[in-house]
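1. The amino acid sequence is not available; the structure is as follows:
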């Protein structure tokens, strides 16, 4: 190792690092490190004061040891001392140590802030730069609070050096990203925009990053940056590679700055000034022209830089969506990339063309590449590229090519990667519905879809098929005939059985005239699948059978025999057993007219947004699907032969589908607009569009509610299907409750939606915040929902918990009172006898006292009574009342607005088996409510 002099290095550090590297084992390394730590500790604690060089060396060793993965619990003060040094190397090591090892909660943060503040005001730009780097590296909220107001002044100071401005811009950007609320907007915002005109491109690059981030949140403050960004971009794009010598990267002038400027322009609409707009168009045309030029270098860095600028320019063209010529040129340029040997370029080209397909100007140009995209779908080895190809086919689809694209996607589906099959199924279903001119094609397509990828066909897909068939008279007979033929295959997917069961139950009479599909044949065909299906499908088939009794009286005896069999009437599943019993009884006692009324055909469903599209939005996110859909809806309004109204964001009566609401996409509960289903329609529940109203409180709900007044944990409600458990804790005026929903069956709960309902008065006095739960609860599973509670003021009512879900095709609706009562916000207060009675006398006004004399409902056990008073929330005061048989308690009710002292006295009369309960508080309503709640406990 070459000798290192004291002036230009730290020999001790170099030797230590060399020793560590030469260690033969982990134990030897730890031994050497412990020896060094002991030496450094002794030096720091020694009587002899260390000079700056020694401190720097030892702090550097500590930093190196930390980076090796060992904890460092000393040396922080010595590092802080280095910050006050006037030597650059010592100050640099001090800042480096602090940036890496000191957290925002450190006790030294005030000393560090003072040192940083001194360096920010220093005339030495190097010291100022070190301070800015430290602030940016730490980036804590404390740093932002201390310096967010100072850094903008440095940034726009006229005498600041370029390197300081550059550091200040990036430092401010870091603080804004971590604590945007602490960075004040002010006069500096108009001045920082002009940094885009700075002569130093490093300053411009840093300023462009800062302005882009600020403009995304405050576009009006920085709209003057548009013209400056266009001007600077024009100078870069039209310059030769030799003009910007220091900022040219492999023959591409300032590629990073160009990308940042193009990204900044995407924060705003096209410029209104014709001159600025014309200049920007020239820039974009120049970038597209340069992409056509032969490469100036064969190195990958050159093509990467060139293509980065090109793709950002295309993103801006798509964002503005106002220049048809540029959009078509961008599409043609991307088309060349579709067959490029570089996989990343093919991926980016497909992704950008998806956005271009939504523009009315470039949609036709995108469609010219359909064969290339279909080829990519079949031949690409990378699954992510194939997925983008599917997205592009979906985006470019319209009435002219829908059948070709759907056929290709169905063909690909048979060999598609499992990770994207569900998405392809959704897209095929949407396209088949959206562009179906002939609905027989739609029915064929969906049945083919179920045959190919039945496991990936979600409920929304087959729900939608049934809704469309029911709403269109012209396709009902064909649908019945087609599903009948499809069900004759030896192996049918369960989703096909569901569709077949539903459609034949409604429209089987339309094909019953053909001897090959006679009523008995239809029944035997469906019943041959019965034993292979899950419980929800069997429940649906039982409903189909009872529909057959109405449609085909000649098969009534056969169906009654099936319903009467032990396998149905004594089925282990309560849902199937109940249906069999009820349907058998209905078919036996009801007259023909009553059967016809109860089992009449389903009414048409109200028109609304497709639930399949809602699911796709949920799966892909709004930026990738919704925007395309909205654009395509504007371009082609005739969906399904007529306009599909877009849901209004302001209307209170918007009607998203139940599936859309289930997926959390509806802003408000849907209001039913369609005709009401028949009173006894047995298949209504399976596909009903209108959620039921809130159910009345479940039997026993009041008793369970009373039990929770004096306890916080336990089972609140339980029936054959569902168990609801609670676990809660309260402190002062705040509380947190965990609600556990348990599925006691082996079948999934679908559309599982718990809702907390509060009256207007209760909402004003009790704040509840809930987190949504998963809409699907698997059989035997449990889901948890957290409720954050804040008592704003005293209240008397309790919120109602309403749970709605579907089980085996049947809609379930349960309501229970949630035990959030005023006494939960009790804080017990210990008091001596003298203090208690003194306070008792002070609360002697008639409005402050409530008394109740009542008969004991439970055995008068002393220990149980004590436990209930403590559980109620007050402190149980011993040896306060002169009568030892009496119970007294004290506490304070905490609300957000006030605190209410409370004293209680319970006097039992064992002979008469009665109690006298007296409550005294400073507020009559509180006394009344607490007395009601506690009286119910004894």
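-> The structure has been received and is ready for your questions. Quick caveat: nothing in here was measured; it's all calculated off a predicted structure. Numbering: from 1, shown residues only.
2. how about the spatially closest residue to residue 481 that is not a sequence neighbour, what does it touch?
-> In this structure, residue 481 finds its nearest non-sequential neighbour in residue 511, 5.1 Å apart by Cβ to Cβ, 6 or more residues apart in numbering. Placement of C-beta: from N, CA and C, glycine included. The contact partners of residue 511, taken as Cβ atoms under 8 Å, 6 or more residues apart in numbering, are 477, 480, 481, 484, 517, 522.
3. Please identify which pair of the residues you listed lies farthest apart.
-> 477 and 522 (13.7 Å; Cβ to Cβ).
4. picking that back up, narrow the contacts of residue 511 to those that are buried.
-> For these, a burial check counting by 16 or more other Cβ atoms under 10 Å picks out 480, 481, 484, 517, 522.
5. and which of those is nearest to residue 212?
-> residue 480 (59.0 Å).
6. Disregarding residues adjacent in the polypeptide, which is nearest to the closest one?
-> residue 507 (4.4 Å).
7. and the one you found, which of the three is it?
-> helix (DSSP: H, G, I helix; E, B strand; the rest coil).
8. confidence score at it?
-> If you check residue 507, the pLDDT there is 90.
9. Tell me which entries of the contacts of residue 511 lie within helices.
-> 477, 480, 481, 484, 522 (DSSP state H).
10. Next, format these as CSV and append pLDDT and distance to residue 169.
-> Below are the ones in helices among the contacts of residue 511 laid out as CSV (pLDDT from 0 to 100; distance: Cβ to Cβ, whole Å):
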residue, pLDDT, distance to residue 169
477, 91, 71
480, 92, 70
481, 93, 71
484, 92, 71
522, 92, 75
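11. Go through those residues and name the one nearest residue 436.
-> With Cβ to Cβ as the yardstick, the closest approach to residue 436 among the ones in helices among the contacts of residue 511 comes from residue 477, at 16.7 Å.
12. Excluding chain neighbours, give the residue nearest to the closest one in space.
-> Closest to residue 477 by Cβ to Cβ, 6+ apart is residue 510, at 4.1 Å.
13. Then residue 120?
-> Using Cβ to Cβ, 6+ apart and skipping residues adjacent in sequence, the residue nearest residue 120 is residue 131, 5.0 Å away.
14. which element is that neighbour on?
-> helix 125-138 (DSSP states H and E).
15. Wait, a helix at residue 296?
-> No: counting by three-state DSSP, one finds residue 296 to be coil, located in no helix.
16. Any idea how many residues pack against the closest residue to it other than its chain neighbours?
-> Of all residues not flanking residue 296 in the chain, residue 251 sits nearest, at 4.2 Å (Cβ to Cβ, 6+ apart). Residue 251 has 16 neighbours, counted by other Cβ atoms under 10 Å.
17. And the one 5 residues further on, by the same measure?
-> Burial of residue 256 is recorded as 17 neighbouring residues (other Cβ under 10 Å).
18. Need the pLDDT of the residue nearest to it when sequence neighbours are not counted.
-> Nearest non-adjacent residue to residue 256, counting by Cβ to Cβ, 6+ apart: residue 205, 6.2 Å away. With respect to pLDDT, residue 205 scores 92.
19. so residue 709 touches residue 817, yeah?
-> No: the pair residue 709 / residue 817 is not scored as a contact, 11.1 Å apart, by Cβ atoms under 8 Å.
20. Now residue 394: closest residue in space, sequence neighbours ignored.
-> residue 427 is the one closest to residue 394 (Cβ to Cβ, 6+ apart), at 4.7 Å.
21. Which other helices and strands does whichever helix or strand the one you found is part of contact?
-> Element membership for residue 427 (DSSP H and E) is helix 418-434. Applying 3 or more Cβ pairs under 8 Å, 6 or more residues apart in numbering; DSSP states H and E, one finds that helix 418-434 makes contact with helix 383-396, helix 402-413, helix 439-453, helix 459-471, helix 611-620.
22. how about 6 Å then?
-> helix 383-396, helix 402-413, helix 439-453, helix 611-620 (3 or more Cβ pairs under 6 Å, 6 or more residues apart in numbering; DSSP states H and E).
23. Can you list the buried residues in the one helix or strand residue 264 maps to?
-> According to DSSP H and E, residue 264 maps onto helix 255-265. Of all the residues in helix 255-265, those buried under the rule 16+ other Cβ under 10 Å are 255, 256, 257, 258, 259, 260, 261, 262, 263, 264, 265.
24. Return the residues in contact with the fifth one.
-> Looking back up the chat, that one is residue 259. Shown in contact with residue 259 (Cβ atoms under 6 Å, 6 or more residues apart in numbering): 308, 312.
25. And it, what's its pLDDT?
-> At residue 259, pLDDT is 94.
26. In stretch 398-418, which residues are buried?
-> Buried, per 16+ other Cβ under 10 Å, within stretch 398-418: 398, 402, 403, 405, 406, 408, 409, 410, 412, 413, 416.
27. Pretty sure the last one sits in a strand.
-> By that I understand residue 416. No: using three-state DSSP, the secondary structure at residue 416 is coil, not a strand.
28. Need the pLDDT of it.
-> Per the predicted model, pLDDT is 84 at residue 416.
29. Distance of the closest residue to it other than its chain neighbours relative to residue 378?
-> Once flanking residues are discounted, residue 416 sits nearest to residue 424: 5.9 Å by Cβ to Cβ, 6+ apart. Computed as Cβ to Cβ, to the nearest Å, the residue 424 to residue 378 distance reads 14 Å.
30. picking up where we left off before, can I get the helices and strands packed on helix 418-434 in a markdown table including distance to residue 728 and mean pLDDT?
-> Compiled in a markdown table, the helices and strands packed on helix 418-434 are given as follows (distance: least, Cβ to Cβ, whole Å; pLDDT from 0 to 100):
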| stretch | distance to residue 728 | mean pLDDT |
| --- | --- | --- |
| helix 383-396 | 45 | 90 |
| helix 402-413 | 49 | 90 |
| helix 439-453 | 45 | 88 |
| helix 611-620 | 31 | 66 |
